[in-house]
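In: Take this sequence and fold it.
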Amino acid sequence: MPLDGAANVLAYLERAAERFPGRRALIFGNGGSDDASLTFSQLWQRADRIGSGLESIGFERGERAIVMIPMSFDLYAALFGLLKMGGTAVFVDPWIERRQIAAFSAFAEPSAFLGIGKSHLLRWLEARLRKIPLTVTTGRRLGPLPARRTLREIEARGVPGGRIAPVGEHAPALITFTSGSSGTPKGANRTHGFLAAQHRALAEEFPYRTDDVDMPMFPVFALNNLALGIPSVIPAMDFRKVDEVDAGVLLRQMNRYGVTTATASPPFFDRLVAHLKRTGRQPPALRRILTGGAPVTDRQLERWRQALPRTEITVVYGSTEAEPVAHISATERLAIGERAPARPGFCVGRPGKHVRTRLAPITGRELAGELAPLERHEAGELLVTGEHVCKDYFRNPAAVAKNKWRDSEGTVWHRMGDTGTFDSSGRFWIVGRVHSTIVRDGKTVHPQILEQFVTRSEPTVSRAAAVGLPDPKLGQRVVLVVEAPGPPAQRRALSRRVSRLLQEAGLPADEVRPAMRPLPLDPRHKSKIDYARLRRSLAETDSKGTG
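Out: Residues are numbered from 1 along each chain as shown. The predicted structure follows:
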C-alpha cells in the first residue's frame, strides 16, 4: 500500500499501531521467563515522544544523527523518533575497524550522536566527533559524561500526538556505511521513497499470513515486519558472529513464541540444522525460511530440507543497494541440479517484478555510454534498476561513477558486482564476482565454476576458492585453495587428487593448494570467500618462499 500524503515512511508504523495496538511488535530475550516485548502501540508512543523531544532541544528536520545502538528496543525507538521528526539516521556496521567507524561517522557531518555508553568512548577519542553538539546515551550519565543527554530525558521532554514530519520521497531516511575499504566512505543513501518501495517489493514477493511470527536476522526484514504489523522475535545472538550462534537458544525462542517464518544468512540455518541432527530434537514449526547474503550450495539445501521437511525454503538474492532482486525455492534449485548436474554456477532464480535486469561486459572499469552486446550464453556483469534500487551514495560521486551506470534514457542502473548468465527460463546463474574474475592467457576464468566443480566432485572439501596471481607469461595464473578436515598429509593428497580431476575435466587450474587454516570469510555473513584477503595471503606466502 503506498504512502498517503507525505512520503515519510514512519506512516507505516503509525498505521500498524492503529490496526494492531495490543499486538507484540518486538520480542527480545533468550526464550526464557525474563524476555521482554513492546506492542505496536508502545513502540509508536516511544517513537512519538522521542521525535518530539529531539525537536524540543534543537535537532532540526533534515539533520543527521549517528546511531550506534545495538539491536534493542532503544534502537528502534530512537530510529523511529528520528524519522518521525524528519531527521536522518546514520549507521556504521559494527564489524568494521574502530578507526573507520570514526572516519565514517565524521564524514556524515552529524548534528547528533545517539549511542550506548561504550560508543561515546569512541566519540571522545575522535576530535571531529567530540565537536558534535547534541550527544545522547541510552544509559545513565554523570554530568556531561558519557553524553550531555540520556534517551530517557529526551523521551520525557516529548509531547505525544505530534504530526509526522512531511518529507519528500527523495529525502534521506537512512545512510548505511558498509564499506570496509580505505578511502572515501561509501554510504548507501536510503531515501524515504526507496524504503517505501523496498517494503512493497518484500511484501509482495514474500507475503505473510495474519498469524505469522517472524524471526529476522536482517534489519531490513524487521523493518518490513513493523510496517506490516507482523511480530518480530529478535534472535538472541551476537550479530557480528553469526557462525557462532547458539542454535539451542534459537530453538527455544522459536518454540516459545510460535515462530513461523525466519530470515537469516546460511550459517544461521547451518547451525540450527546441525543442532537438530546432533540432539534429535523436533524441528520448529517453521512454514518458511528465507536465506541469502552468500551463495547457498545444493548440499546445504539438501541438509536443510531433510532436517526441516515441512518448511518451505527460499534462497533470496540481493545486496545492500538492491533487496530483493531474485529468489528461488529449494525445490526448484534441487530439481535443476538433478536434471543438469553439470550446469555451472549458482542459480539464484528469476528476478522479481519490481526490478529490471541486464548484463554488461565484464571490465571492472567504470561504465559509460552504450554497453557492448554480449555473445549468447556469455557471462556478464549483472545490472539492476527499480524503485527499490539505491540511486546514489552519500556525498561520494566517485562511488556513484564506479557503481552506477546511466543509460541513454537517463535510467540509473546499479552494478551488483556479480557475474553470470541467464538461462532459457529467465533464471540468473552466478559464476563469480567482477573483482574475483581471473584473466588467464587472455581467457576469462570464473572462480565459482571451478569451486563448484570441486565441492561437487569431492564431498570432503568443505570450501574451495580460486584466485588469480600475477604471472609473467599468463598474466594471471589460477591458484585453487581447498579447505578440508584431516592432517596436513591427507590434505596435500586431496589437493593432488583435485588437481587431476580438474585436468581431466579440462578446467584451468595451474596450482591446487591445501588450506592449512580456514579460508578467510566476509565479516558480515561469515559465508562468502574474502578473495582480496586470500589473494594477499597467498602473495605474502609466495614472497616469503622466494625471498
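In: Work out for me the element residue 299 sits within.
Out: In this structure, residue 299 sits in helix 298-307 according to DSSP states H and E.
In: ditto for residue 102
Out: helix 98-107.
In: just how off-centre is that helix within its chain?
Out: 20 Å (CA atoms, centre = their mean, to the nearest Å).
In: which parts of the helix holding residue 299 are buried?
Out: 298, 300, 301, 303, 304, 305, 307 (16 or more other CB atoms under 10 Å). For every residue, glycine as well, the C-beta is placed using N, CA and C.
In: Lowest-confidence member of the residues you listed, which is it?
Out: Scanning the buried residues of helix 298-307 for pLDDT, the low point is residue 298. It has 88.
In: Name the SS class of the closest residue to that residue other than its chain neighbours, please.
Out: Excluding its sequence neighbours, the residue lying closest to residue 298 (CB to CB, 6 or more residues apart in numbering) is residue 337, at 4.8 Å. Classification of residue 337 by DSSP: H, G, I helix; E, B strand; the rest coil places it in helix.
In: and residue 337, how many residues sit next to it?
Out: 18 (other CB atoms under 10 Å).
In: same question, residue 486
Out: Residues near residue 486, counting by other CB under 10 Å, number 12.
In: again with residue 163
Out: By other CB under 10 Å, 11 other residues sit near residue 163.
In: ditto for residue 177
Out: A count of nearby residues for residue 177, using other CB under 10 Å, gives 23.
In: Bridged to it, which residues?
Out: Assessed by DSSP bridges, residue 177 has beta-bridge partners residue 92, residue 187.
In: Report the contact partners of it.
Out: Going by CB atoms under 8 Å, 6 or more residues apart in numbering, residue 177 touches 90, 91, 92, 93, 96, 104, 107, 108, 185, 186, 187.
In: longest strand anywhere in the chain?
Out: Identified as the longest strand of the chain according to DSSP state E is strand 412-422.
In: what comes into contact with that one?
Out: 319, 321-322, 325, 345, 357-360, 362, 367, 377-385, 389-392, 402-407, 428-435, 437, 446.
In: ok, residues contacting the strand or helix carrying residue 124?
Out: Using DSSP H and E, residue 124 maps to helix 117-125. Contacts with helix 117-125, where a contact means CB under 8 Å, 6+ apart, come from 68-69, 98, 101-102, 105, 113, 115, 129-130, 132, 135, 137-140, 145-147.
In: hmm, back to that, of the contacts of strand 412-422, which belong to helices?
Out: Judged by DSSP state H, the contacts of strand 412-422 include 402, 403 as members of helices.
In: in the helix or strand of the chain with the lowest mean pLDDT, what's buried?
Out: Sorting the helices and strands of the chain by mean pLDDT, DSSP states H and E puts helix 98-107 at the bottom, at a mean of 77. Using 16+ other CB under 10 Å as the test for burial, helix 98-107 gives 100, 101, 102, 103, 104, 105, 106, 107.
In: in what helix or strand does the residue lying closest to residue 216 once chain neighbours are set aside lie?
Out: Of all residues not flanking residue 216 in the chain, residue 222 sits nearest, at 4.4 Å (CB to CB, 6+ apart). Per DSSP H and E: residue 222 is located in helix 219-228.
In: what about the protein, any weak spots by pLDDT?
Out: Counting by pLDDT under 70, the chain has low-confidence residues at 1-6, 94-96, 178-185, 338-343, 524-525, 544-547.
In: go with 50
Out: 1-5, 179-183, 547 (pLDDT under 50).
In: Would you mind giving the domain segments of it?
Out: Following automatic domain parsing, the chain resolves into domains at 10-28+36-185, 195-432, 437-546.
In: Helices of the stretch 51-200 of the chain, residue ranges please.
Out: 73-84, 98-107, 117-125, 127-130, 151-157, 192-205 (DSSP state H, counting those that start in this stretch).
In: just these: most buried one?
Out: The highest mean neighbour count among these, using mean count of other CB atoms under 10 Å, belongs to helix 73-84: a mean of 25.
In: helices or strands up against that helix?
Out: helix 10-19, strand 24-28, helix 40-56, strand 64-68, strand 88-92, helix 151-157 (3 or more CB pairs under 8 Å, 6 or more residues apart in numbering; DSSP states H and E).
In: could you flag which of the contacts of strand 412-422 are buried?
Out: 319, 321-322, 325, 345, 357-360, 362, 367, 379-385, 389-392, 402-406, 428-434, 437, 446.
In: Filter those residues down to the ones in strands?
Out: 357-360, 380-385, 404-406, 428-433.
In: and residue 539, what is it in contact with?
Out: residue 469.
In: separation between it and residue 379?
Out: 26 Å (CB to CB, to the nearest Å).
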